[in-house]
Structure formats: structure tokens, C-alpha cells
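Have a look; sequence and predicted model below, questions after that.
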Amino acid sequence: MLGDGILKGMAETARNFFGSYVSKDRLTTVEYPEERIPTAENARVFPFLVYDGADWEAGLRCVACQICEKECPPKCIYIEKSADKKPDYVGKPQFYPARFDIDISVCMSCQICVEVCPFEAIKMDTQFELATDDRFAGLLEDREKLAKSNEYYHSIHPTEAAEVDARLAEEKAKVEARAKAAAQAAAAKASAPASASAPGAAKPSAPPAKNEGGS
Amino acid sequence: MIVAFEAANSFSANLDQIFIFLRNWLVGFLPAAVQPAAAVVLDVIAIVCVFPGLFALTTVFERKGLGRIQNRLGPNRVGPFGLFQPIADGIKSLTKEDIVPLSANALVHFLAPLVLVVTVFMGFAVLPMGRNMVLVDMDSGLLFFFAMGAATELSVFMAGWSSRNKYSLLGAMRAVAQMISYEVVLLLSSVAVVMISGSLSLPAIVAAQNQYSGVFPHWYIFTPWGLAGFLMYAIAATAETNRSPFDLPEGESELVAGYHTEYSGFKFALFFLGEYLAMFSISGLGTTLFLGGWSAPFSFLQFIPSWFWFFGKVMMSIFVFIWMRGTLPRLRQDQLMNFAWKFVLPFTLLNLLVTALWHFMGEGWQRWVVCSVILVAAYALMGTISLRGRHIGRRSYRYAE
């Protein structure tokens, strides 16, 4: 019959029209500023620096090795190495970044800095509401702005952060075990040739230091 | 009891005429010599305020309705439920730059939206919007209305021609071809009403329908020829106002925006306004011709003011326009022309014959049977002929898949 397709179509649209008032699951719209969907666990926006403990300045994992600065394809990272050193998580003295800036107007969220970092110090953030009316200074993040706690890292990427923590703990245990072994060996050496002269006593202190440097 | 009934009656009668009383009261402050002119000016002001106000409401309800049809929310940010959206839209279109192309004919380009809005507003002059609520009670009101309706085609072509843009011109060509084709149908479907009521005056046509058998009104849509005429009128009206599925003149997929491609800012807003006003006026005429104008749908509902019924019916028609827009895809130009000349026009001509038959068969049940059978048989026959040899259903692909 001529025209029944039109009537069928009109019935379908009418069903949608009234149905959208009756059943909530027809409307898939999320009214963004008021309501929002939680971001996916592997979402990534821009990088941030992880710190341990309560003090961001003391706990910063970054050792200013500048690998990320060199690897960054759009060159959005700027690092100034410190003159002095401070102890890292295993207690070894390391350099730290006196300045660490990321220009997020240049950053392309490629995550290469995260891939290359040997110290698990830089990770991807999920914070995306970064609009600002100052397009130069407002989009240039310094190390204070970039520093976020390990707890925050756990809250945004729980699985990944747990893996990182496990890896770091393993590393630390290894270093400690090695230091212990070295110390024991040194003690044994020291006790065995106890009759030896003074220059022998100076020697054992050197190997552990070398070990740590290699880790 | 009777006193209470009469009081209620007179109250509803007063409410019915409230706008007339208001106008007369306002005019009463002026000297007698200028009173008739002042009354007309007040009427015009009322029309010029009410219909753009309805236009503003319709734009937001259309967007919300289309959203709901597509299971979206529609605009809901500006004001409660997004009701102030038209204000934001108005500010936007007022503050936009008004661009006139360098090679355009500036005068015609400027005049086109004005001609559209002015001629569309003129159409409202003869529409009875309630009991005694008609600006000019013209004896040939219907003719005047169609004369003004035809002038909108002129403005569309002015816009397309003066823009000096291929899309504008193509859109205007399509618009003129479409509007002239469907103008014929629009007129001929209205002629049936004129044949039965015997008058070109719109208030007289409403008066002829404002009678009741029992509780049911004598609206023309409740007769076989009236229903057929109304359907043809509705199709032609949709095409006349360039509404989907007949919105080829502004088919954005092929013509950018058709004849108003080169319009921006407030001139574009005027085109937009003109299109919606044309929708209101053509719905108002359809209401007047077939749906009993301002008369109540049941005799016991007559206590509700007549203007309420008129505007209610117009808004219902607008809702159907929006509903169709949300349902039907756009036609192709050849389909549009074939539909006008090979289906709608012959059927409207047949309807004229049926109307004459209805008139000459006189009262009785026989004319109901005969007229219905002729119209249904013709519809079925034309349907079978036009669908013959055509496979309608899921499209099959030869090489894809």
C-alpha cells in the first residue's frame, strides 16, 4: 500500500519521542560538567612527576638524567640539573632537577618520556581540564605543579602503579641484599686477615660503593 | 443555579473576546477621528509580536523535539529547560557580521529577506484567529492569501539570483520549480472548500464549519473529500514552506544552504523567521479551511475561548511538521516533481470532481459511501500503478559485500 512506509516511520519516531521521556536508558547523553564518566584506567593526557613521602621536593624520584628531555619528540621538556646531590629511594646520593618544566601546549601526549625513564619518575596524568586564559605561562608547568604523590598515581592508574611499586621494592631489596652481602664479605675479610696491616682495612669499603653505583 | 450558569457563560464569552475588549479599551483613550486607524495599528502590532514570539518558542521546541526523536536531550543550557535559547540565538545573529558578497547585487540582496517577511506577514491579515479576530475581513481573503504566498517565491528567487553564487542560484531554481508545482496543488485543494462553502471569505468558511450535529462539529476534514483535500493540502503546504522531506532548496548535503548561502547575521535570521512565519500562516490557513478554524472540536468545549482553539490547532500542525522532519529523508528533485505532477495533482483534480458529486448528491448516507469508495479506489489504483515493477525493501548491492 502506498504510504504505509511513512506511517511506520512516523510510529517509530513517535515511539522514540515518548520513550525518551519514559525510560532513562534511552538517553545516552552524559551532561558533562555536572555528571561525568570516570576516565578509563589507561587514559593518558600529559606527564607528571611522581614523588614518594609527604614532601614533594625531597621525595621527587627524578634524578635529572635528562633522558626524557633528549627523547621528547616535540622538545617540550626543559631540565636544569642541580649542583648538589640528595639521597634517592635506596639512599644513594643523586642529582635532582633544579628546574623541570613541561610546556603542555607543545606536549603531544606520546608517552615516550614515560617509556624511557629508568627511575619510574615520570608518569601520564589523567587530568584533562587544563583550559586557561593565559596561553603562555598558564600552559607551562614547573616542577611544583608537575609533582604529584605516589598515592595519586595509585588512585589514577592502580594496576600500573602496583607493578611499579613492586618493581621498585624488588630493586631496593636487591640493592640492600647486595649491600649486606658486601658488608658481610668485607667483615669476613676484615676478620680473616686481622693480622694484616692498616692499608688492608681501607680496601673493603670500596667494593660496596662500586656495586651501588652499578645498580 | 441559572444565574451561576449565565455568569459562567458570560465569563467565557468575555474571555473569548478579551483581546477585542483590550483593543477597544486602549483605543478609547484616543480622539474619535483616529480611533479606526489606531485599532488597525494595534491589531498589526499584536500580529507582529505574537507570531515572532511563537517562532521563538517553536525553534526551541523543534530542537528539543528532534532531539527526543533521536534520543537526545536537545538544548537545555540557557535558562530553565533551555527555554531562553532563542534569546541567545537572537543575540548571536544580531551581533554577527553582515556580509554582502562583492559581486552580489547589493540592493536585491538586501531586499530579498524583507520581501519574504513582509509578504508572509501580509498573509496573516486575512486569517481569522478567533471569533471577530480578523484584521481585514476581506470577501476574497483566500485569494489575497494565495497572492501573498506566491510573492514569497519572488523573494526566494531574488535571494538566489542576487547572491551571484552557484549554490544560491541552484537552490533558488529548485525552490521556484518546487513552489510553483505545489502552489497548483495548494490552490486546487482549497478550491474544494470554496466549492462547498460558496465563499472566498475566510471568516465565512469558519462560520460554515462552526455547526454541530450532536457534539460533533461540521469540520470539512470529517468528510471524504475534506480528508483527501486536507492530506493533499498538507503535502503541498510542506513543500510550499520548504520543510523536510521537501527541503531540497536548502539541501545542505548538495547545496551548502541553498538560496540563503550568502546571507549572514540578521538577514539570515530574517529568512529563518520568514520560513517559520510561512509555516504558521499556511498551518493557520489549513486550520481555517479544513479543521474548523477557531471552532471547538466538541460542542461542550465551546466555553474555551476561540483563540485558544485556533492557536492550539496551529501548534498541533507545527508539531506534525516537526514530527515529519524527524522521520522522513529528503526527496530527490525528480522524485519531488514526479510526486507533484503524477500523483498529488491528479488526485487533487479527482477530489474536485468528488466534491462536486458530494454537493449535487444532497444530504443522505449515499454520498458518503460513493465519495469514499471513489477516493479510496483511486488512491489504491494510483498506488498500485506507481509502485508497479518497483522493488521496495532492503537495498541489494551487486559488487559490495
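Received the coordinates, thanks.

got the residue ranges for the helices in chain A?
Using DSSP state H, the helices of chain A run over residues A:4-22, A:56-59, A:67-71, A:112-116, A:143-146, A:150-156, A:158-191, A:198-202, A:206-214.

Output those helices in JSON lines; the columns should cover distance to chain B and mean pLDDT.
No exception for glycine: its C-beta is placed from N, CA and C like everyone else's. Output for the helices of chain A, formatted as JSON lines (distance: least, CB to the nearest CB, whole Å; pLDDT from 0 to 100):
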{"stretch": "helix A:4-22", "distance to chain B": "4", "mean pLDDT": "89"}
{"stretch": "helix A:56-59", "distance to chain B": "39", "mean pLDDT": "83"}
{"stretch": "helix A:67-71", "distance to chain B": "41", "mean pLDDT": "91"}
{"stretch": "helix A:112-116", "distance to chain B": "38", "mean pLDDT": "92"}
{"stretch": "helix A:143-146", "distance to chain B": "31", "mean pLDDT": "87"}
{"stretch": "helix A:150-156", "distance to chain B": "30", "mean pLDDT": "89"}
{"stretch": "helix A:158-191", "distance to chain B": "33", "mean pLDDT": "88"}
{"stretch": "helix A:198-202", "distance to chain B": "77", "mean pLDDT": "48"}
{"stretch": "helix A:206-214", "distance to chain B": "60", "mean pLDDT": "44"}
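
correct me, but B:Phe310 touches B:Gly292?
No - contact criterion CB atoms under 8 Å: B:Phe310 and B:Gly292 do not qualify, at 9.5 Å.

ok so, going back, export the helices of chain A as a markdown table, with columns for distance to B:His218 and mean neighbour count.
Below are those laid out as a markdown table (distance: least, CB to CB, whole Å; neighbours: other CB atoms under 10 Å in any protein chain shown):
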| stretch | distance to B:His218 | mean neighbour count |
| --- | --- | --- |
| helix A:4-22 | 27 | 13 |
| helix A:56-59 | 85 | 14 |
| helix A:67-71 | 85 | 16 |
| helix A:112-116 | 80 | 16 |
| helix A:143-146 | 78 | 17 |
| helix A:150-156 | 72 | 16 |
| helix A:158-191 | 75 | 13 |
| helix A:198-202 | 122 | 10 |
| helix A:206-214 | 104 | 12 |
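
Can I get the ones you listed in JSON lines including distance to A:Glu129?
Listed next are the helices of chain A as JSON lines, based on distance: least, CB to CB, whole Å:
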{"stretch": "helix A:4-22", "distance to A:Glu129": "29"}
{"stretch": "helix A:56-59", "distance to A:Glu129": "22"}
{"stretch": "helix A:67-71", "distance to A:Glu129": "24"}
{"stretch": "helix A:112-116", "distance to A:Glu129": "21"}
{"stretch": "helix A:143-146", "distance to A:Glu129": "14"}
{"stretch": "helix A:150-156", "distance to A:Glu129": "14"}
{"stretch": "helix A:158-191", "distance to A:Glu129": "21"}
{"stretch": "helix A:198-202", "distance to A:Glu129": "59"}
{"stretch": "helix A:206-214", "distance to A:Glu129": "43"}
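
Tell me which of those lies nearest to A:Ala43.
helix A:150-156 (8.2 Å; CB to CB).

tell me how far the closest one is from the chain's mean position?
Remark: helix A:150-156 is offset 9 Å from the chain centroid, using CA atoms, centre = their mean, to the nearest Å.

just stretch B:111-118 next, same as before
From the chain centre to the centre of stretch B:111-118 is a distance of 18 Å (CA atoms, centre = their mean).

List the buried residues in that stretch.
Neighbour counts over stretch B:111-118 (16 or more other CB atoms under 10 Å in any protein chain shown) mark B:111-113, B:115-117 as buried.

Give me the contacts around it.
Stretch B:111-118 is contacted by residues B:151-152, B:154-156, B:158-159, B:162, B:263, B:267-268, B:270-271, B:273-274, B:277 when judged by CB atoms under 8 Å, 6 or more residues apart in numbering or on different chains.

Quick check on these: which are buried?
The neighbour-count test (16+ other CB under 10 Å) applied to the contacts of stretch B:111-118 identifies B:151-152, B:155-156, B:158-159, B:162, B:263, B:267-268, B:270-271, B:273-274, B:277 as buried.

Quickly name whichever of these is closest to B:Leu107.
When those are ranked by distance to B:Leu107 (CB to CB), B:Ser162 comes first, at 7.9 Å.

Tell me how many other residues crowd the closest residue to the closest one other than its chain neighbours.
By the measure of CB to CB, 6 or more residues apart in numbering or on different chains, the closest residue to B:Ser162 outside its immediate chain neighbours is B:Val108, 3.6 Å from it. Residues contacting B:Val108 under the criterion other CB atoms under 10 Å in any protein chain shown number 16.

my read: B:Val108 touches B:Ser155, true?
No - using CB under 8 Å, B:Val108 is not in contact with B:Ser155; the gap is 9.9 Å.

Let me see the contact set for the residue in chain A that chain B sits nearest to.
Residue of chain A nearest chain B, by CB to the nearest CB: A:Leu2 (3.0 Å). Contacts for A:Leu2 were tallied using CB under 8 Å, 6+ apart; they are B:379-380, B:382-384, B:386-387.

and of those residues, the nearest to chain A?
Nearest to chain A among the contacts of A:Leu2, counting by CB to the nearest CB, is B:Gly383 at 3.0 Å.

Now the two most distant members of the buried ones among the contacts of stretch B:111-118.
Greatest spacing in those, by CB to CB: B:Ser162 and B:Leu277 (21.4 Å).

Spatially nearest residue to B:Ala257, not counting backbone neighbours?
Of all residues not flanking B:Ala257 in the chain, B:Glu250 sits nearest, at 5.4 Å (CB to CB, 6+ apart).

how about the helices in the stretch 201-350 of chain B?
Counting by DSSP state H, counting those that start in this stretch, the stretch 201-350 of chain B has helices at residues B:202-209, B:224-240, B:252-255, B:265-290, B:306-327, B:333-338, B:345-361.

where exactly do the helices run in the stretch 51-200 of chain B?
Here the stretch 51-200 of chain B has its helices, by DSSP H, counting those that start in this stretch, at B:85-95, B:106-123, B:141-162, B:166-197.

Assign B:Gln35 to one of the three secondary structure states.
Counting by DSSP: H, G, I helix; E, B strand; the rest coil, the backbone at B:Gln35 sits in helix.

Could you pull up the residues touching it?
B:Gln35 touches B:27-28, counting by CB under 8 Å, 6+ apart.

Now residue 78: closest residue in space, sequence neighbours ignored.
Assuming you mean chain A. A:Asp101 (4.4 Å).

Can you look at chain B instead?
Excluding the flanking residues, the one nearest B:Val78 by CB to CB, 6+ apart is B:Phe84, at 4.4 Å.
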